[in-house]
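> Turn this into a model:
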Amino acid sequence: MNVASYWGKDLLEGPQNFFRLSTGVAPSFGFFRMRASDVYYVLTTQGGAAGTLAFDDGEHVLTLNNIYLVKSSSVAELGDDICDIVLADERILWQFTYGTADFNTYKTDRTTGTGEFELENLNSGSEWTFTEVRDALKSILGITTLNFLSPTRKPRNIIGTNVPGTCIMKQFLIAAQSYLAVDLTSFPPVYSIFPIGDTEQSADTALITLYTGLLHKSSTILVNPKVQRGGTAKMLAAANPDSAPGRLLTYGNQSVSGGTGLHYAPSDYAVFGNEENDTLLVTIGDEVASEYAASFANIWRDSVYVGNLPFVLNRAIHEITWTQNAQGALTRVRAFRPHEQLTEQELQDTLFTYRRYLLGAGGEGTNVRSAKIQAGGVPANNTGPYTCKLLDDGGNETGATIDVYPREHLGSNNLDSGDIHPNLAAADIIAIFQDLDNVWYTTCVFEDTIDCVCTAP
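A predicted model of the protein is given here:
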């Protein structure tokens, strides 16, 4: 007896009748046949909510949770009462969840600080860790359990503000050189993040061992390492060509068994100054290179078992296909080298992109304006700021007050002392510019170190 059901309604024999579950952020799909009245029950009575997909081969019962009906189309040759349907797991909803924060992004002007290119979008003043970003992803995607063993390094440039949850998770997985697995036999589903090539544990292969007697057929898969991997792995880091010997520098080193040539793993880590963070980058580079080398340790599999068996995705299994049709019930298990790739369309650029490193402060005066000093706006110190308002094209004051600082002051007299040149006062109009640090400065050089008396000729 081979029976399959969705939302408790029988699924009919059809030309496909399978559900394929795979690792990654993309949803997995199944294709079945169903009565039209049962389709209306799911979409109308149940409001299209997630249901369970169940298989019963007479000996094994398998239940997959949080499965959605995506589409139904009537089969013309069978009348309007029979429909082909498409089912998907809950990851299909992740495209409609959006982040509200970025994580450890470089400042848009890429200015240098004391230990790294200056970062913004921190976690209460400290750098986000991978574990903390994982916790944020759980909230964004509505995941109850997301198992993860964090790398020691901290992530960089994970963009989340107004970005779909699928894209945020993909950035996270790429940064951690990991992949995402889901167990739909649990309710709610349990997610786990595994490093690519992580060593298989006994728990990962327990069901493979248990169901050895039900193995129908298997394929032996051999991959030539010479065309699969580089022989030496290093990590790339972006560098300021004005202060470092090249735009892209390599850090860390790891030999990769069976490989050939070199592989430079791309990263979002950057060199600052004259390689002042060299030691840290070597440590990070060794970790990234070691992860790359380990990513080829996967055991490749392609096996078909008799019955609908309750396999789950893990380090040893990366794809499961459950099929139930007139030929019987079969479960296909595959293992490969899963990984994520980010396309340009997934992380769209608007006015600028965090993926381009505008290294160095650049020229001053990127936004030159005129401003009027406000009443009481001359500071009683030698550093500023003056309190001003911007002037529009017609010379009229516009907007709220702004702080304007002297760019250069030769001397130490207070700016309201009168013993300084230029001796500015309220209502004076001055030329100002906004530098790449987003601070407004005057174009004046203030001088009070030379006594100069000028007389008429």
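
> From here on, just use CA atoms for contacts and neighbour counts.
Noted.

> roughly how far apart are the nearest residue to Glu59 once chain neighbours are set aside and Ser5?
Leaving aside its chain neighbours, Glu59 sits nearest to Gly307 (7.9 Å; criterion: CA to CA, 6 or more residues apart in numbering). Distance of Gly307 to Ser5, computed by CA to CA, to the nearest Å: 16 Å.

> ok, these two, which is more surrounded?
Set Gly307 next to Ser5 and count neighbours by other CA atoms under 10 Å: Gly307 wins out with 27 against 17.

> my read: that one touches Thr331, true?
Yes - between Gly307 and Thr331 there is a contact at 6.2 Å, judged by CA atoms under 8 Å.

> ok so, going back, report the contact partners of the residue nearest to Glu59.
By CA atoms under 8 Å, 6 or more residues apart in numbering, the contact set of Gly307 is 57, 59-60, 214, 328-331.

> Apply the buried test to those and list what passes.
57, 329-331 (16 or more other CA atoms under 10 Å).

> other SSEs contacting the helix or strand of the chain with the lowest mean pLDDT?
Lowest by mean pLDDT, DSSP states H and E among the helices and strands of the chain is strand 119-120, with a mean of 81. In terms of contacts (3 or more CA pairs under 8 Å, 6 or more residues apart in numbering; DSSP states H and E), strand 119-120 is packed against strand 105-106.

> which residues touch the strand it packs on?
By CA under 8 Å, 6+ apart, the residues outside strand 105-106 that reach it are 117-122, 156-159, 354.

> Give me the mean pLDDT for it.
In this model, strand 105-106 carries a mean pLDDT of 83.

> Check the residue nearest to Glu59 and give its pLDDT.
Confidence score, pLDDT, at Gly307: 95.

> For it, give its distance to Trp440.
Per CA to CA, Gly307 is found 72 Å from Trp440.

> shaky segments in this structure?
1, 108-117, 240-243, 273-274, 344, 348-367, 450-457 (pLDDT under 70).

> where do the helices sit along it?
With helices called from DSSP state H, the chain shows them at 36-40, 130-141, 165-176, 202-210, 278-294.

> So which residues of the stretch 1-150 of the chain form strands?
Under the criterion DSSP state E, counting those that start in this stretch, strands of the stretch 1-150 of the chain are mapped to 3-6, 9-10, 18-22, 29-35, 51-56, 61-75, 79-89, 105-106, 119-120, 145-147.

> could I have the fifth one exported to CSV, CA atoms only?
Output for strand 51-56, consisting of C-alpha atoms alone and laid out as CSV, is shown next (Å, rounded to 0.1, in the frame of the first residue of the first chain):
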residue,chain,number,x,y,z
GLY,A,51,0.2,21.8,6.0
THR,A,52,1.8,18.4,6.3
LEU,A,53,2.9,16.2,3.4
ALA,A,54,2.7,12.5,4.5
PHE,A,55,3.9,9.3,2.8
ASP,A,56,2.9,5.8,3.9
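
> So what touches it?
Identification of contacts with strand 51-56 by CA under 8 Å, 6+ apart yields 1-8, 61-68, 308, 324.

> what do you get if the cut-off is 10 Å, keeping everything else the same?
With contact meaning CA atoms under 10 Å, 6 or more residues apart in numbering, strand 51-56 is reached by 1-11, 19, 30, 42, 61-69, 87, 89, 184-185, 187, 307-310, 322-324, 329.

> Of the residues you listed, just the buried ones, PyMOL syntax please.
Remark: buried members of these, expressed as a PyMOL selection using 16+ other CA under 10 Å:
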select buried, resi 2+3+4+5+6+7+9+11+19+30+42+62+63+64+65+66+67+68+69+87+89+184+185+307+308+309+310+322+323+324+329
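
> returning to that earlier point: list the residues that contact both of Gly307 and Thr331?
Residues touching both Gly307 and Thr331 (CA under 10 Å, 6+ apart): 214-216, 322-324.

> would you list those residues in a markdown table and tack on distance to Ala425?
Converted to a markdown table, these look like this (distance: CA to CA, whole Å):
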| residue | distance to Ala425 |
| --- | --- |
| Leu214 | 91 |
| Leu215 | 90 |
| His216 | 91 |
| Trp322 | 81 |
| Thr323 | 84 |
| Gln324 | 86 |
